[in-house]
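# take this sequence and fold it.
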Amino acid sequence: MKKVLCCLILMSLLLSACALPHLSFGGKTAAPAATSEPGPAASAVPATIPAATPEPVIIYDAFYEAGTHSDEFNNTWDYLLRIPAIQASGSDATRLNQEVFTALYPAVKDVKDAIENGTSLGVFQVDYTVSINDQLISIVCETDTNWGFESYYVLNFDASTKTEVTQEQLLQRFGLTKDQFLDLAVQVMQQYFQDSLSAAPKDEMYWDRYNKSTARENFSSDCQLYVDNNSQLCMIVKLYSFAGADYYYHIFVVK
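Prediction:
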C-alpha cells in the first residue's frame, strides 16, 4: 500500500463551492508538527471533504511524528507515525476517533519507547490513506513491522449523514447481501490460488493453506472492507502462508 508522508487534501462533488489554500485533487501539503501527547490534536493542514451541507468533514492527524532512529547496534530506521481523526458533527465521529486512536497508539508507543531507550524498532511505520467516493470516505490505517507483517484498521464514514458506514451498508452500496459477498470472496481467493500459486506442489501443506484461505469463515471472522480510489470494493483478509508467519493480511479487489 502506498504510504503518504503528509496530509491529503481531498475533493468531492462540491469542489467548486469550497475554496481551500493549496487545494488540489490528490495533492500533497507539508506535514504537520509532531504531537507529543496522546489524544486527538488537529494537524496544521487538514484534508477537507466538502459535503452536501455547509459543514465540511475534515480528516486530520490526531498524532503525527516522523524521523530517523538508530539503535545501539547502529541499525537505522526512518519512521513515520500518523493516526487519523474525523472532524464532523455527531457522535459517530467522536466514537470512531477514540476507537482508532485506542487501536493504533500502542504501536506508536512501542516506537516512542524504543527511541527513548535507544533500542531496535519492531514497528517502523503507522500510517493511513484516505479514499473518497462521492460522500463515502474510507480510511485505511496500516502498521508495518520489520519482519514483514502488516496489520490494518479500516474506517468507513458517510460525509453527508456524518455517520459510520457499516459493512452491511457498504455491501448494500454494491448490491450485495452478506451471503452474496461470502460467495464472491471465496471465488476471489480461489482465483488467486489458481493464478498466483498454480506452480506450487499440490501437497498436504498446499491444501491446508488453500482450505483455510478459502473458507467462508475467513471472510466473516476477520475481514475488513473499504472502497478504494477506483471505486472498487476491497477486502483485507488473511492469506495463509507457505513460509514465515501462519498468515499475512492481503488486500483483494472484490467488485
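
# next SSE downstream of the helix or strand hosting residue 60?
Using DSSP states H and E, residue 60 maps to strand 57-70. Next helix or strand after strand 57-70 toward the C-terminus (DSSP H and E): strand 76-87.

# list the buried ones in that following strand?
Neighbour counts using 16 or more other CB atoms under 10 Å place 77, 79-87 of strand 76-87 among the buried residues. The way it works is simple: take the backbone N, C-alpha and C, and place the C-beta from them, glycine included.

# quick one: which of the residues you listed is nearest to residue 156?
Comparing the buried residues of strand 76-87 against residue 156 with CB to CB places residue 86 closest, at 10.9 Å.

# who's in contact with that closest one?
Residue 86 makes contact with 57-59, 93, 96-97, 137, 139, 155, 157 under the criterion CB atoms under 8 Å, 6 or more residues apart in numbering.

# keep only those of those that are in strands.
Under the assignment DSSP state E, the contacts of residue 86 contribute 57-59, 137, 139, 155, 157 to strands.

# pick out the most distant pair among those residues.
58 and 155 (13.9 Å).

# those two - which one has more neighbours?
residue 155 (25 against 19; other CB atoms under 10 Å).

# and that one, what is it in contact with?
Applying CB under 8 Å, 6+ apart, the residues near residue 155 are 84, 86, 96, 100, 137-139, 141, 164.

# now do the strands in this protein.
8-9, 27-28, 47-49, 57-70, 76-87, 123-133, 136-145, 150-158, 163-164, 224-227, 233-240, 247-253.

# now the ones you listed as TSV including distance to residue 184?
Shown next, in TSV, are the strands of the chain (distance: least, CB to CB, whole Å):
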stretch	distance to residue 184
strand 8-9	30
strand 27-28	34
strand 47-49	29
strand 57-70	29
strand 76-87	29
strand 123-133	19
strand 136-145	19
strand 150-158	18
strand 163-164	23
strand 224-227	12
strand 233-240	9
strand 247-253	10
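
# hey, which of these is tucked in deepest?
Mean neighbour count (mean count of other CB atoms under 10 Å) peaks for strand 47-49 among those, with a mean of 24.

# of the strands of the chain, which is nearest residue 197?
strand 233-240 (10.1 Å).

# quick one: contacts of the closest one?
140, 152, 154, 170-171, 174, 176, 185, 188-189, 192, 208-209, 212-213, 218-219, 222-228, 246-255.

# next one: it to chain centre, how far?
12 Å (CA atoms, centre = their mean, to the nearest Å).

# over to stretch 61-73?
20 Å.

# got the CA coordinates for that stretch in PDB?
Taking Å, rounded to 0.1, in the frame of the first residue of the first chain, the C-alpha atoms of stretch 61-73 are listed here in PDB:
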ATOM      1  CA  ASP A  61      -3.700  13.800  12.000                       C
ATOM      2  CA  ALA A  62      -4.600  13.200  15.700                       C
ATOM      3  CA  PHE A  63      -1.000  12.200  16.100                       C
ATOM      4  CA  TYR A  64       2.000  12.900  13.800                       C
ATOM      5  CA  GLU A  65       5.700  12.200  14.300                       C
ATOM      6  CA  ALA A  66       8.400  11.300  11.900                       C
ATOM      7  CA  GLY A  67      12.200  11.000  12.000                       C
ATOM      8  CA  THR A  68      15.200   8.700  11.900                       C
ATOM      9  CA  HIS A  69      16.300   6.400  14.700                       C
ATOM     10  CA  SER A  70      19.500   4.400  15.300                       C
ATOM     11  CA  ASP A  71      19.800   1.600  17.900                       C
ATOM     12  CA  GLU A  72      22.800   0.500  19.900                       C
ATOM     13  CA  PHE A  73      24.000  -1.600  17.000                       C
END
